[in-house]
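Chemist: Kindly return the folded structure for what I paste below:
(one chain, ligands or ions: 2)
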Amino acid sequence: MGHASAGGGQGHPLFVALAPPPPTLYLRRVMTTPLVDPFQRAISYLRVSVTDRCDFRCVYCMSESMTFLPKAELLTLEELDRLCSAFIRLGVEKLRITGGEPLVRKGILTFFDAMSRHLGAGALKELTLTTNGSQLARFAPQLAAAGVKRINVSLDTLDEAKFAEITRWGRLKQVLNGIDAAQKAGLRVKINTVALKGFNEDELFPLAQWCAERDMDLTFIEVMPMGDIGNENRLDQYWSLKDLRASLAERYTLIDLAERTGGPARYVQLRETGQKIGFITPLTHNFCESCNRVRITCTGEIFTCLGQEDRADLRAPLRAHPETDAPLEDAIRAAIAQKPRGHDFDYSRQSLGGQMSRHMSHTGG
Ligand code: SAM
Ligand code: SF4
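Modeler: Ligands and ions are numbered 1, 2, ... in the order given. Now for the predicted structure:
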């Protein structure tokens with residue numbers, strides 16, 4: 001039915017009875033209350049781990065002998081689609097796919113393709129991923145074709161030997177090729193670097209310069225107490241971003257940027273180069289007030305706070321009701337209604353307060 005005939009019929013008594021309903025999307029938007037938690041934070045950002053598996057074994061993330069979940073525990077690609085689509089219906093506008101390594105999940109590009117329909121409809125504003133970069137040389141063009149515009153690539157060092165040491169199984173060259181392919185495909189790349197004491201302290205300036213030369217933003221992440229990592233000691237790894245920032249300020253003038261993403265990242269601009277540098281400090285209580293995000297594990301559990309154990313199972317309502325998403329939406333709403341005010345990470349007094357038993361690769365970083 002064309003707009004012209006509907007418009008032309010306005011005022012006619014028959015029009016009211018025959019008029020088509022407004023588009024479904026519009027109806028849904030006005031009829032569903034958006035997801036707002038008890039602290040009046042609207043949930044607009046969803047991070048989904050699509051696998052706990054990975055082709056690397058980063059020392060701060062997993063032990064070398066990490067045991068992975070049986071396949072049947074994971075959400076299928078169809079279940080992932082239903083789940084993400086439900087969140088998008090409820091107001092999520094940004095979707096980040098993560099893992100484990102999301103690009104080692106078989107068929108994951110089909111899922112990206114499927115999600116692009118929400119970009120096309122305008123309900124989803126951004127579809128993105130966090131990756132270790134190992135598979136980008138293969139997949140970058142397809143990701144770009146699915147509507148992905150920006151990606152985060154994790155890279156902690158530019159030194160080949162150190163890269164092999166920190167990732168245990170990774171090869172630097174493969175990741176650098178992946179980054180090249182991503183940029184060639186038109187994807188904007190942000191580098192995420194975990195700040196590790198005694199490991200990459202000496203690479204602060206080389207990394208910043210390398211990113212500047214390639215027009216990539218750079219964000220440093222403080223190491224977090226997630227999961228058992230074998231013999232590695234967290235306190236040995238911890239390099240405070242306060243110290244990192246102070247080192248940066250010895251060479252550059254740092255201009256604080258007002259930019260906020262609703263997450264733990266804070267940004268500065270280096271006056272001398274114009275480059276943007278981010279700091280992710282989840283261990284300080286400086287972002288919970290504006291938290292706009294929730295995380296889904298690869299098994300379909302929702303974690304409403306990265307630093308708390310509060311969780312709810314969304315896989316059960318998904319699997320029990322293949323014909324309707326109503327119970328799933330109810331479960332999502334119930335979980336959001338329990339979102340905690342903030343997290344409990346604490347490295348103070350040289351102990352690991354707030355240690356999380358789950359791995360980052362399970363929840364998704
Ligand atoms: N495999 C992908 C990758 O490495 O980008 C996505 C998943 S990984 C869990 C997401 C991010 O979490 C990476 O940037 C990684 O460096 C970071 N990460 C993993 N374990 C961490 C920890 N214990 N503390 C801080 N960051 C961590
Ligand atoms: Fe894999 Fe990413 Fe964890 Fe490294 S940080 S082991 S790449 S999931």
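
Chemist: count of residues packed around the closest residue to residue 253 other than its chain neighbours?
Modeler: Of all residues not flanking residue 253 in the chain, residue 271 sits nearest, at 3.9 Å (Cβ to Cβ, 6 or more residues apart in numbering). Using the backbone N, CA and C atoms, a C-beta is placed for each residue, glycine as well. Other residues lying near residue 271 total 11 when counted by other Cβ atoms under 10 Å.

Chemist: List the residues that contact residue 271.
Modeler: Each residue near residue 271 by Cβ atoms under 8 Å, 6 or more residues apart in numbering is listed here: 252-255.

Chemist: For the protein, just list every one of the strands.
Modeler: Taking DSSP state E as the test, the strands found in the chain are 45-49, 94-98, 126-131, 150-154, 188-195, 217-222, 254-256, 265-270, 276-280, 293-296, 301-303, 311-313.

Chemist: Filter the contacts of residue 271 down to the buried ones, ChimeraX style.
Modeler: Of those, the buried ones can be selected in ChimeraX as follows, counting by 16 or more other Cβ atoms under 10 Å:
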select :252,254
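
Chemist: which intervals of the chain have sub-threshold pLDDT?
Modeler: Along the chain, segments meeting pLDDT under 70 span 1-32, 225-235, 262, 283-286, 344-365.

Chemist: Could you rerun that using 90?
Modeler: Across the chain, the ranges flagged by pLDDT under 90 are 1-34, 39, 223-240, 258-265, 272-273, 281-293, 304-310, 339-365.

Chemist: Select, out of the strands of the chain, the one closest to ligand 2.
Modeler: The minimum distance between ligand 2 and these falls on strand 150-154, with 5.8 Å, by Cβ to the nearest ligand atom.

Chemist: what does the protein put close to ligand 2?
Modeler: Contacts of the chain with ligand 2, taken as Cβ under 6 Å from any ligand atom, map to 54, 56-58, 61-62, 99-101, 132, 154, 361.

Chemist: Between the residues you listed, which sits nearest residue 332?
Modeler: residue 99 (21.4 Å; Cβ to Cβ).

Chemist: Wait, that closest one touches residue 48, no?
Modeler: No. Contact criterion Cβ atoms under 8 Å: residue 99 and residue 48 do not qualify, at 9.2 Å.

Chemist: Spit out the contact partners of residue 295.
Modeler: 46-49, 302-304, 306, 363-364.

Chemist: Looking at those residues, state which has the most neighbours.
Modeler: residue 49 (30 neighbours).

Chemist: What residues are bridge-paired with that one?
Modeler: Note on residue 49: beta-bridge partners by DSSP bridges are residue 98.

Chemist: Am I right that it is in contact with residue 98?
Modeler: Yes. At 5.4 Å, residue 49 counts as touching residue 98 under the criterion of Cβ under 8 Å.

Chemist: The closest residue to residue 293 other than its chain neighbours and residue 154: what is the separation?
Modeler: Excluding the flanking residues, the one nearest residue 293 by Cβ to Cβ, 6+ apart is residue 45, at 4.0 Å. As defined by Cβ to Cβ, to the nearest Å, residue 45 lies at a distance of 19 Å from residue 154.

Chemist: As TSV, the strands of the chain with distance to ligand 1 would be great.
Modeler: Shown next, in TSV, are these (distance: least, Cβ to the nearest ligand atom, whole Å):
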stretch	distance to ligand 1
strand 45-49	7
strand 94-98	5
strand 126-131	4
strand 150-154	3
strand 188-195	4
strand 217-222	5
strand 254-256	22
strand 265-270	12
strand 276-280	8
strand 293-296	11
strand 301-303	13
strand 311-313	17
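
Chemist: With the flanking residues excluded, which residue is spatially nearest to residue 178?
Modeler: Excluding the flanking residues, the one nearest residue 178 by Cβ to Cβ, 6+ apart is residue 136, at 3.0 Å.

Chemist: Does the one you found touch residue 101 like I think?
Modeler: No. Here residue 136 lies out of contact with residue 101, judged by Cβ under 8 Å, at a distance of 10.8 Å.

Chemist: Look at the two and report which has more neighbours.
Modeler: It is residue 136, of residue 136 and residue 101, that has more neighbours when counted by other Cβ under 10 Å, with 28 against 24.
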